[in-house]
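>>> Generate a structure from the sequence data that follows.
(one chain, ligands or ions: 1)
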Amino acid sequence: MMTQDELKQKVARAALPYVKDVGIIGVGTGSTIRYFIDALADFKADIEGAVSSSESSSEQLRKIGIPVLDLNAVGTLDVYVDGADEINPLKELIKGGGAALTREKIIAAASKKFVCIADGSKCVDVLGAFPLPIEVIPMARSYVARELVKLGGQPIWRENCVTDNHNHILDVHNLNIMEPIKLEQAINNITGVVCVGIFAMRPADVVLVSKGDEIVTF
Ligand code: 5RP
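Numbers count the residues shown, from 1 in each chain. Below you'll find the model as predicted:
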């Protein structure tokens, strides 16, 4: 049986055809994406540059010789490849386990095609078993937490975590997210929230999932 790491590596390689002949790509963050960037190393001649969702992915990209570009300088991206913490059948996601959700959501919004890659353990019927990450302005942390309790969640401050944007993360437990778009909008409306890790208004366009020997695409 394949380990979770082997499954991540396998699905990362399966995303390569989606970036063939695409000059500038969007690249996400996380352990699955680390394997994807490793796989890009053999491909790099085809890749002009990348817009990256985190300092850690940027560093790995530069190491293999792929220039990291500013999103403002490149406009709309054709393809964005990133992982997820949970994926439902509508390709709506929870993201932010790696604290990079804000930049991830910006790149997803600015991309024509969002290709999400994950091992099979990330597929769920209903989002919310994975604690929902929310990036907040530091001084608003307690206020936002109280508002999240009113929405039925149990927010826990991810201590010792400062995002690349110098903000804090609350992880919200015990949510059963039956209406992802509605909850995404409601949390976006709380003053002090920078970004919520529900990707439903802009879901993935293609999901690749490794299950045993198979890659399932939907
Ligand atoms: C980072 C993310 C990642 O995509 C998510 O946490 C999945 O990570 P991994 O590939 O390590 O399982 O949203 O903010």
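
>>> any idea of the mean pLDDT in stretch 4-11?
For stretch 4-11, mean pLDDT is 97.

>>> got the buried residues for it?
Of all the residues in stretch 4-11, those buried under the rule 16 or more other Cβ atoms under 10 Å are 7-11. Every residue, glycine included, has its C-beta placed from N, CA and C.

>>> residues in contact with the longest strand anywhere in the chain?
Ordering each strand of the chain by length in residues (DSSP state E) puts strand 111-119 first. With Cβ atoms under 8 Å, 6 or more residues apart in numbering as the test, strand 111-119 has contacts from 4, 7-8, 11-12, 14-15, 18, 26, 32-33, 36, 76-84, 87, 91, 93, 108, 202-210.

>>> Ok, stretch 39-52 next?
12-13, 15-16, 19-27, 29, 58, 61, 64-71, 74, 77, 103, 107.

>>> do the same with stretch 163-178
So stretch 163-178 is contacted by 54-55, 94, 96, 99-100, 102-103, 126-128, 131-138, 141, 144-145, 148, 151-158, 161-162, 183, 194, 198 (Cβ under 8 Å, 6+ apart).

>>> Just the CA trace of that stretch, in PDB.
Output of stretch 163-178 as PDB, limited to C-alpha atoms (Å, rounded to 0.1, in the frame of the first residue of the first chain):
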ATOM      1  CA  THR A 163       1.400  34.600   8.300                       C
ATOM      2  CA  ASP A 164       3.600  36.000   5.400                       C
ATOM      3  CA  ASN A 165       1.300  39.000   5.700                       C
ATOM      4  CA  HIS A 166       2.100  39.500   9.400                       C
ATOM      5  CA  ASN A 167      -1.300  38.400  10.600                       C
ATOM      6  CA  HIS A 168      -2.700  35.700  12.900                       C
ATOM      7  CA  ILE A 169      -4.700  32.600  12.200                       C
ATOM      8  CA  LEU A 170      -7.800  31.300  14.000                       C
ATOM      9  CA  ASP A 171      -8.800  27.600  13.400                       C
ATOM     10  CA  VAL A 172     -12.500  27.100  13.800                       C
ATOM     11  CA  HIS A 173     -13.600  23.700  15.100                       C
ATOM     12  CA  ASN A 174     -17.000  22.000  15.100                       C
ATOM     13  CA  LEU A 175     -18.400  23.600  11.900                       C
ATOM     14  CA  ASN A 176     -20.600  21.500   9.700                       C
ATOM     15  CA  ILE A 177     -20.500  23.600   6.600                       C
ATOM     16  CA  MET A 178     -23.700  22.800   4.700                       C
END
